[in-house]
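1. pasting a predicted model and its sequence here:
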Amino acid sequence: MSAPIPVIDLHCDTADRIAWQTLPADIRATLNHDFYNLTDLADPAGCRELAQNHGHVSLEKIGSTPWAQCFACYIPDGLTPEQAIVFEAHVNDYMRDQLARNPQVKAARTADDVEGALEAGGVCAIRTIENARLFAADPALVESLAADGLVMASLSWNAAGPLASGNDSHEGLSAIGAEVMSRMERSRVALDVSHLNDESLADVLARATRPLCASHSNSRAVCSHPRNLTDDQFRAIMATGGVAGLNYCAGFIVDGAWAGKEAADVTFEQVAAHVEHWLDIGGEDAVALGGDLDGSTVPEFLDGADRMLAFQELLVSRFGREITEKICHRNAVAFLRRVQEG
């Protein structure tokens, strides 16, 4: 392949990773973690900068690939909604400073922003939130953060939350969660349904009037983990005009593969099986990328943004250039446009 295909990745945890060591002391005390993970504990200085770090996503590793990255502020379940306000503001401020230090990276709010950056061969940052429990403290934050550049947010992580619940529980969308969802739709903030349990997702699907995104979820028909989407859920998301981002987490690719040797043994064919299945049920315009980089244990051949060109070559060999372009960026751009227009 002569040149890299532009990329839109719908989810990573890099913003948390590089900002973590500067979090307020009381927040770090609540979470009982001074570092994002043990790798960062071993090399604290090597994980603070967007330009160059030892994680999965850095400007150095992106290199010359035109790249639009959704930088999620992942809010841990252990924080109260009020603490989550402080946490999100801190991570967002840290990312603003990183973009100021690296002016070649543009903040993108709209599909036009993203498309323009990719066509120019550049890099852009898209602001998202994973587990937006801060909205339970003040639902009006939806409108204010939308005006400040928020593009997408999810309502939960794994536990039962104030807005909705993840796959560790069976509770559905709460009353305040329904209010937040309505505010997000009016503000054209995309609703990310990854991490919702089946009950909460059913509630969201019953209320949805705008396109939905499963930013980092795979096919449950291929890998049975409850974080993955059933065929009916995928079809329902697709019917809203939504997309699903292929997750590189080994445990969501193959049953039982979480870390160590098991993750290393995950193959391209096992990843491609998720894409193949979604294509078989009509998902050509609904499959995107959502790597969960810096947030999970991934196979070696996907272990960092610098592996993208080789991954694209495998995708082109298996699915052809047109489908690969749709997966890598065209479907996600079209999704953002549908969310923000109409």
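-> Arrived safely.
2. surely residue 244 touches residue 234?
-> Yes. Residue 244 is within contact range of residue 234, at 6.1 Å (criterion: CB atoms under 8 Å). C-betas here are computed from N, CA, C, even on glycine.
3. who touches both of the two?
-> Common neighbours of residue 244 and residue 234, using CB atoms under 8 Å, 6 or more residues apart in numbering, are 214, 278, 283, 286.
4. and the residue lying closest to the second one once chain neighbours are set aside, how many neighbours?
-> Taking CB to CB, 6 or more residues apart in numbering, and ignoring the residues beside it in sequence, residue 278 has residue 287 as its nearest neighbour in space, at 5.1 Å. Residue 287 sits with 25 neighbouring residues when counted by other CB atoms under 10 Å.
5. for residue 287, phi and psi?
-> phi -100, psi 130 (degrees, to the nearest 10).
6. what's the answer for residue 228, then?
-> phi -90, psi 170.
7. burial count for it?
-> Quick note: residue 228 (other CB under 10 Å) scores 25 neighbours.
8. count the residues that sit near the nearest residue to it once chain neighbours are set aside.
-> Among residues not flanking residue 228 along the chain, residue 220 sits closest, at 3.9 Å (CB to CB, 6+ apart). Residue 220 has 21 neighbours, counted by other CB under 10 Å.
9. residues in contact with residue 220?
-> 226, 228, 229, 230, 231, 233.
10. pretty sure residue 295 belongs to a strand, no?
-> No. Applying DSSP: H, G, I helix; E, B strand; the rest coil, one finds residue 295 to be coil, outside a strand.
11. wait, it sits on residue 13?
-> Yes. Between residue 295 and residue 13 a contact is recorded at 3.4 Å, counting by CB under 8 Å.
12. which residues do the two both contact?
-> By CB under 8 Å, 6+ apart, the residues touching both residue 295 and residue 13 are residue 74.
13. wait, residue 307 sits on residue 301?
-> Yes. Taking CB under 8 Å as the definition, residue 307 is a contact partner of residue 301 at 6.0 Å.
14. with neighbour numbers in mind, choose between these two.
-> With neighbours defined as other CB under 10 Å, residue 307 and residue 301 compare such that residue 307 has more, 19 against 15.
15. where's the more buried one relative to residue 144, distance?
-> Residue 307 is 38 Å from residue 144, where distance means CB to CB, to the nearest Å.
16. all strands for this structure, in order.
-> 7-12, 67-74, 105-108, 123-130, 150-154, 190-192, 212-214, 243-246, 287-289 (DSSP state E).
17. what residues does the first one touch?
-> So that's strand 7-12. Taking CB under 8 Å, 6+ apart as the rule, strand 7-12 contacts 56-57, 65-72, 114, 118, 128, 130, 152, 192, 194, 213, 215-216, 243, 245, 247, 288-295, 308, 328-329, 332-333.
18. need the CA coordinates for that strand. PDB is fine.
-> Output of strand 7-12 as PDB, limited to C-alpha atoms (Å, rounded to 0.1, in the frame of the first residue of the first chain):
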ATOM      1  CA  VAL A   7      -8.000   7.100  10.400                       C
ATOM      2  CA  ILE A   8     -10.800   8.100  12.700                       C
ATOM      3  CA  ASP A   9     -10.400   6.200  16.000                       C
ATOM      4  CA  LEU A  10     -13.600   6.500  18.100                       C
ATOM      5  CA  HIS A  11     -12.100   5.700  21.500                       C
ATOM      6  CA  CYS A  12      -8.800   5.800  23.400                       C
END
